[in-house]
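Visitor: 3D model of this:
(one chain, ligands or ions: 3)
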Amino acid sequence: MSHLFNKDALQGRMLFAIPKKGRLYDKCVELLSGADIQFRRQNRLDVALVHNHPMALVFLPAADIPRFVGEGNVDLGITGQDMVAEAGEDVSRLVAEELELGFGKCSLQVQVPEADASLKEPKDLVGRKVATSFDKLAQEYFAQLDEQVNAANGGKEPKKTQIEYVGGSVEAACALGVADGIVDLVESGETMRACGLHAIGTLLASQAVLIRPVTPHARSNQSLIRLITSRIKGVIAASQYVLCQYNIHQNDLQEAIKVTPGRRAATVTPLGDKEWSAISAMVKKGDVATVMDRLGEVGATDIFTLALDNCRT
Ligand SMILES: Nc1ncnc2c1ncn2[C@@H]1O[C@H](COP(=O)(O)OP(=O)(O)OP(=O)(O)O)[C@@H](O)[C@H]1O
Ligand SMILES: O=P(O)(O)OC[C@H]1O[C@H](OP(=O)(O)OP(=O)(O)O)[C@H](O)[C@@H]1O
Ligand SMILES: [Mg+2]
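Guide: Numbering: from 1, shown residues only. Ligands and ions are numbered 1, 2, ... in the order given. Okay, here's the model as predicted:
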């Protein structure tokens, strides 16, 4: 059997980079399954051949994926927008964001101990120590604050915030005396609160994204890249929308369609009773309850929604 790390095993295959572990991994595997990308990841192997397409999955640290995509080593990748930003301008200008995936949502925030009353806003950390895994973004952010604070001070005793890189468990840094504040990701806020920290500023909001090189590699199988991209878009749209159906009298049709305009347009089907039509339209999951309330108000009857398993838009 040829070894997967043998270059020949990957020859002619489209390469798709997936975070090898962590918060995004399970969601990515779910997405690949929804797009019918079939593979078996062998224990400890970071490459998996796809059985039903000339393609291979490469499992990489989320932080490395922007560079591999930007430099064209792989044709597609999934990572966080935070990772693309942290990779810096030299890399991010080579990376095109194809689609926001709607998971891995979090914000990169400045956090300080709640007990420290001297730290109320990010500027209060100027000249002090900040621990983070996002050292590039934190450097840029605090360099600007340093400048503002020093300018306001008339250039006397200029202060410089010290950014300390830590690889993980950043939230422990203040308690350990390593730093006065941290820059780290927050989703539910549970980690932050459990450590007696609170957020005093936000650097960016992030979610998982499908990315591709701005300039595709000459070897790339463009039609397969388009096919996979469109399948992933379908799975994501299906997870974000439901199909809403109802009956409506002709007199109320225009009002009802304003409530459910659909993605392109609502489907209007005549019923046996000529004064009535059946409508079906895609509705964002988060809007379903208010849309159904509004439809009731404009006279719709037999309103129901159907979950979408998969779709193409
Ligand atoms: N708590 C969270 N909620 C939502 N998304 C998150 C959260 N933490 C991280 N992410 C997203 O997932 C990406 C990868 O982070 P994650 O922590 O899973 O990877 P890692 O740090 O490489 O792995 P690990 O923490 O297991 O060492 C982040 O860049 C961010 O976009
Ligand atoms: O607001 P919350 O919902 O609590 O999520 C935020 C936490 O999630 C991430 O940590 P992760 O689990 O990846 O561990 P790590 O610190 O080892 O990266 C992040 O670094 C925070 O610590
Ligand atoms: Mg982590």
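
Visitor: alpha carbons only for contacts and neighbour counts from here, please
Guide: Noted.

Visitor: what residues does the stretch 101-250 of the chain put near ligand 2?
Guide: Applying C-alpha under 6 Å from any ligand atom, we find that the stretch 101-250 of the chain lies next to ligand 2 at 168-170, 184-191.

Visitor: filter the residues you listed down to the buried ones.
Guide: Among these, those classed as buried by 16 or more other C-alpha atoms under 10 Å are 170, 184-186.

Visitor: out of those residues, which are inside strands?
Guide: If you go by DSSP state E, those have 184-186 in strands.

Visitor: ligand 1 next: which of these are close?
Guide: Answer for those near ligand 1 (C-alpha under 6 Å from any ligand atom): 185-186.

Visitor: which of the ones in strands among the buried ones among the residues of the stretch 101-250 of the chain next to ligand 2 sits closest to Ala151?
Guide: Lowest distance from Ala151 to those (C-alpha to C-alpha) belongs to Asp184, with 27.3 Å.

Visitor: and the pLDDT at the closest one?
Guide: Asp184 is assigned a predicted lDDT (pLDDT) of 98.

Visitor: now do the same contact list for it.
Guide: 108-111, 132-134, 170-171 (C-alpha atoms under 8 Å, 6 or more residues apart in numbering).

Visitor: quick one: it and Lys233, what's the gap?
Guide: Look at Asp184 and Lys233: by C-alpha to C-alpha, to the nearest Å, they are 29 Å apart.

Visitor: now do Leu60
Guide: 22 Å.

Visitor: returning to what we had before: tabulate the contacts of Asp184 (JSON lines), appending secondary structure and distance to ligand 1.
Guide: What follows is the contacts of Asp184, written out as JSON lines (DSSP: H, G, I helix; E, B strand; the rest coil; distance: C-alpha to the nearest ligand atom, whole Å):
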{"residue": "Leu108", "secondary structure": "strand", "distance to ligand 1": "9"}
{"residue": "Gln109", "secondary structure": "strand", "distance to ligand 1": "12"}
{"residue": "Val110", "secondary structure": "strand", "distance to ligand 1": "15"}
{"residue": "Gln111", "secondary structure": "strand", "distance to ligand 1": "15"}
{"residue": "Thr132", "secondary structure": "strand", "distance to ligand 1": "12"}
{"residue": "Ser133", "secondary structure": "coil", "distance to ligand 1": "9"}
{"residue": "Phe134", "secondary structure": "coil", "distance to ligand 1": "9"}
{"residue": "Val170", "secondary structure": "helix", "distance to ligand 1": "10"}
{"residue": "Glu171", "secondary structure": "helix", "distance to ligand 1": "12"}
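
Visitor: all good on my end, thank you.
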